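Peer 1: okay, structure incoming, though there's no sequence with it:
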């Protein structure tokens with residue numbers, strides 16, 4: 001059983017290294033400004049968006065943008081390569 005755990009741990013470690021390197025190997029094709037505009041356009045009544053930050057969500061690189069709408073904060077994840085909305089969380 002210990003051998004199986006070592007294989008799993010090695011596989012997970014390898015994936016984390018690959019994912020970490022993807023931040024440097026594949027620069028974002030969607031700019032911060034574009035991500036901000038995309039996020040605002042997907043939240044009804046949006047009045048403000050913070051400066052997007054690079055993140056890793058849903059197994060993809062994403063811009064994380066906090067958008068304020070009607071007194072609520074929405075965290076919008078925008079794919080850095082396609083501009084697709086990966087998810088929206090209400091805080």
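Peer 2: Perfect, thanks for sending it. Quick caveat: nothing in here was measured; it's all calculated off a predicted structure.

Peer 1: neighbours of residue 33, just the number please.
Peer 2: Residues near residue 33, counting by other Cβ atoms under 10 Å, number 10. For every residue, glycine as well, the C-beta is placed using N, CA and C.

Peer 1: my guess is it is in a strand, correct?
Peer 2: No. Using DSSP: H, G, I helix; E, B strand; the rest coil, the assignment for residue 33 is helix, not a strand.

Peer 1: least confident secondary structure element in this protein?
Peer 2: Scoring the helices and strands of the chain by mean pLDDT, DSSP states H and E places helix 2-25 at the bottom, with a mean of 58.

Peer 1: show me the shaky parts of the protein.
Peer 2: 1-26 (pLDDT under 70).

Peer 1: can you do 80?
Peer 2: 1-28, 58 (pLDDT under 80).

Peer 1: check it for its longest strand and report it.
Peer 2: Assignment by DSSP state E gives strand 60-69 as the longest strand of the chain.

Peer 1: give the contact list for the spatially closest residue to residue 42 that is not a sequence neighbour.
Peer 2: In this structure, residue 42 finds its nearest non-sequential neighbour in residue 85, 5.4 Å apart by Cβ to Cβ, 6 or more residues apart in numbering. By Cβ atoms under 8 Å, 6 or more residues apart in numbering, the residues touching residue 85 are 38-39, 42, 76-79.

Peer 1: what residue lies at the spatial centre of this structure?
Peer 2: The structure's the chain has its C-alpha centroid closest to residue 62; by Cα atoms, centre = their mean the separation is 2.6 Å.
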